[in-house]
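Visitor: I need the structure of the sequence given here:
(chains A and B)
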Number of protein chains: 2
Amino acid sequence: MNRLTRYNGPMLNREYDTQVCSIARTLEVVGERWSFLILRNISMGITRFDDLQDQLGITRSVLTTRLRSLVEDDVLEKVPYTERPPRYEYKLTEKGKDLWPVMVQMLRWGDTYYMDPKGPPTIIEHYGCGGSPDLHLNCDKCGKPLERSDVRSIPGPGRAKRDFVKSGV
Amino acid sequence: MNRLTRYNGPMLNREYDTQVCSIARTLEVVGERWSFLILRNISMGITRFDDLQDQLGITRSVLTTRLRSLVEDDVLEKVPYTERPPRYEYKLTEKGKDLWPVMVQMLRWGDTYYMDPKGPPTIIEHYGCGGSPDLHLNCDKCGKPLERSDVRSIPGPGRAKRDFVKSGV
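Guide: From the prediction side, this is the model:
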C-alpha cells in the first residue's frame, strides 16, 4: 500500500481542504525536485544506485530516501540484476512510465524559455522519422500521435559532455 | 533579468554538468511544490495575496518568497487592482500560461492514479462541448485539439466544499 492510499485527509495542509486536487496529489508523489530528476535519469537508462548518485551528485542519504519513496508509491520498482552479491536496479513501473507526458511538457517548456544558445540539451526524437513531439504530443514532422514507446531521447547540441541517453525522456 | 538568465553554470549542482536539461531548468523555476499550487490557484482566478494565503494555508513569508521568485522568473506579473490603497494581484504571463500542458498532464496522472472514490476533484471541460483533454490534449468527446483558451476548470464530484474555480486548470 502506498503513502497516498493510506492517507485519507486533504493534501499538504491539514487545515484546508482545497488541496484536494490531482495536481497536489501528483506533487505529493513527484513534486520534490530530485524525484523528477531521478525519474528522468532512470528513463534515460541510468538505473543503478551508484550511477544515479554519480550523475545527480546528491548525497546517498537523499537518493536512498527518494528512491524508497518512489518505490513505495509504485512509480519505481527495485529489480535484482545480480544475485551474488545482491545488486539492484530501479525501473519505471507502468505508473512511472505514465509520467512521460508530464516530463515531455516540462522539457518543451524549458526548451522554449531556457534554450541554451547551442540548442536544446536533449532532443526527443520520433524513431525512424526524426521529428519531435509538439504541444499535442504529435510528431512535428510526420504528424503521428506519439506515445512513449515511439520516441527516444538523444543528446542535443546543448548537451554537456558527460551525458548519454538510451531512451525515454 | 531573471534568475536563470543570470546563471550560466550547470543547474542544481556545481559538480556535475549533467543537469543541463530542460526538465532541470523547468524545475529550477517551478519545481518547488508550492509554486505549482500557487500557479494552479492563480489559473483558477484566485489572484490576490490574502486569498492565495487563505486557500493554500501557507505562511505569508513562504507565499511572499514564492510569488517574488515567480515574478522574477517572468511566470507571473504583479498588477495593481486599486490605487488607494495600493493593492496588487498576480496574473500569469504568457510564459506562465505556457505551463498549462504541464499542469494538465499532472492533473491527468493524478486523476488516473489517485482518483477520489467520489470522482475527480477538478474537471477540465471543453467549453460548449463538455469533453476533457486526452493524452494528446485533444477533446475526448469531439476530437478538437485543445489549447488553454478552449477549456475551463469546473469542480468535479471529488471537490471539497471550499473550492471554486473560474477558468484555467
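
Visitor: Burial check on the nearest residue to A:Y114 once chain neighbours are set aside, number of neighbours?
Guide: Nearest non-adjacent residue to A:Y114, counting by C-beta to C-beta, 6 or more residues apart in numbering or on different chains: B:R25, 4.1 Å away. Using the backbone N, CA and C atoms, a C-beta is placed for each residue, glycine as well. Look at B:R25: counted by other C-beta atoms under 10 Å in any protein chain shown, it has 25 neighbours.

Visitor: ok, now A:C142?
Guide: With other C-beta under 10 Å as criterion, A:C142 counts 12.

Visitor: now do the one 5 residues further on
Guide: For A:E147, the neighbour count with other C-beta under 10 Å is 14.

Visitor: And it, its phi and psi?
Guide: phi -120, psi 170 (degrees, to the nearest 10).

Visitor: Touching, the residue nearest to A:Y114 and A:M115? I think so.
Guide: No. Under the criterion of C-beta atoms under 8 Å, B:R25 is not in contact with A:M115, lying 9.2 Å apart.

Visitor: Pull out the buried positions in the host helix or strand of the residue nearest to A:Y114.
Guide: Using DSSP states H and E, B:R25 sits within helix B:22-30. Along helix B:22-30, these residues count as buried under the neighbour rule (16 or more other C-beta atoms under 10 Å in any protein chain shown): B:22-30.

Visitor: do stretch A:102-119 as well
Guide: Neighbour-count burial for stretch A:102-119 [16+ other C-beta under 10 Å]: A:102-111, A:113-114, A:116.

Visitor: Rebuild the residues you listed as TSV, extending it with pLDDT.
Guide: Output for those, formatted as TSV (pLDDT from 0 to 100):
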residue	pLDDT
A:V102	94
A:M103	92
A:V104	94
A:Q105	95
A:M106	92
A:L107	91
A:R108	94
A:W109	93
A:G110	91
A:D111	90
A:Y113	92
A:Y114	86
A:D116	79
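
Visitor: Just name the closest of those to chain B, please.
Guide: Closest approach to chain B among these (C-beta to the nearest C-beta): A:G110, at 2.7 Å.

Visitor: and that closest one, what is it in contact with?
Guide: Contacts of A:G110 were listed using C-beta atoms under 8 Å, 6 or more residues apart in numbering or on different chains, and they are B:21-26.

Visitor: And for A:C129?
Guide: Contacts of A:C129 (C-beta under 8 Å, 6+ apart): A:139, A:141-142, A:144.

Visitor: So which of these wins on neighbours?
Guide: A:C139 (20 neighbours).

Visitor: Against chain B, how distant is it?
Guide: A:C139 sits 11 Å away from chain B, going by C-beta to the nearest C-beta, to the nearest Å.

Visitor: what's that residue in contact with, if anything?
Guide: A:126, A:129, A:131-133, A:145-146, A:150.

Visitor: what's the closest non-adjacent residue to it?
Guide: Closest to A:C139 by C-beta to C-beta, 6+ apart is A:G131, at 3.9 Å.

Visitor: what are the phi and psi angles of the one you found?
Guide: Torsion angles, degrees, to the nearest 10, at A:G131: phi -80, psi 180.

Visitor: returning to what we had before: now the contacts of A:C129 as CSV including secondary structure?
Guide: CSV is the format used below for those (DSSP: H, G, I helix; E, B strand; the rest coil):
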residue, secondary structure
A:C139, strand
A:K141, coil
A:C142, coil
A:K144, coil
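
Visitor: what's the most distant pair in those?
Guide: A:K141 and A:K144 (8.9 Å; C-beta to C-beta).

Visitor: Mutual contacts of these two, please.
Guide: A:126, A:129.

Visitor: Dump the contacts of A:C129 to TSV, plus distance to B:R87 and pLDDT.
Guide: Below are those laid out as TSV (distance: C-beta to C-beta, whole Å; pLDDT from 0 to 100):
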residue	distance to B:R87	pLDDT
A:C139	47	97
A:K141	49	97
A:C142	51	97
A:K144	50	97
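
Visitor: Low-confidence stretches in chain A?
Guide: Scanning chain A for pLDDT under 70 picks out the ranges A:1-20, A:159-169.

Visitor: in it, which spans are helices?
Guide: Shown for chain A, the helices assigned by DSSP state H span residues A:3-6, A:22-30, A:33-43, A:49-56, A:60-72, A:94-97, A:100-113.

Visitor: Tabulate the ones you listed (JSON lines), appending distance to B:R87.
Guide: As requested, the helices of chain A are exported to JSON lines (distance: least, C-beta to C-beta, whole Å):
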{"stretch": "helix A:3-6", "distance to B:R87": "38"}
{"stretch": "helix A:22-30", "distance to B:R87": "27"}
{"stretch": "helix A:33-43", "distance to B:R87": "33"}
{"stretch": "helix A:49-56", "distance to B:R87": "43"}
{"stretch": "helix A:60-72", "distance to B:R87": "41"}
{"stretch": "helix A:94-97", "distance to B:R87": "44"}
{"stretch": "helix A:100-113", "distance to B:R87": "29"}
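
Visitor: so which of those gets nearest B:N41?
Guide: With C-beta to C-beta as the yardstick, what comes closest out of the helices of chain A is helix A:22-30 (10.0 Å).
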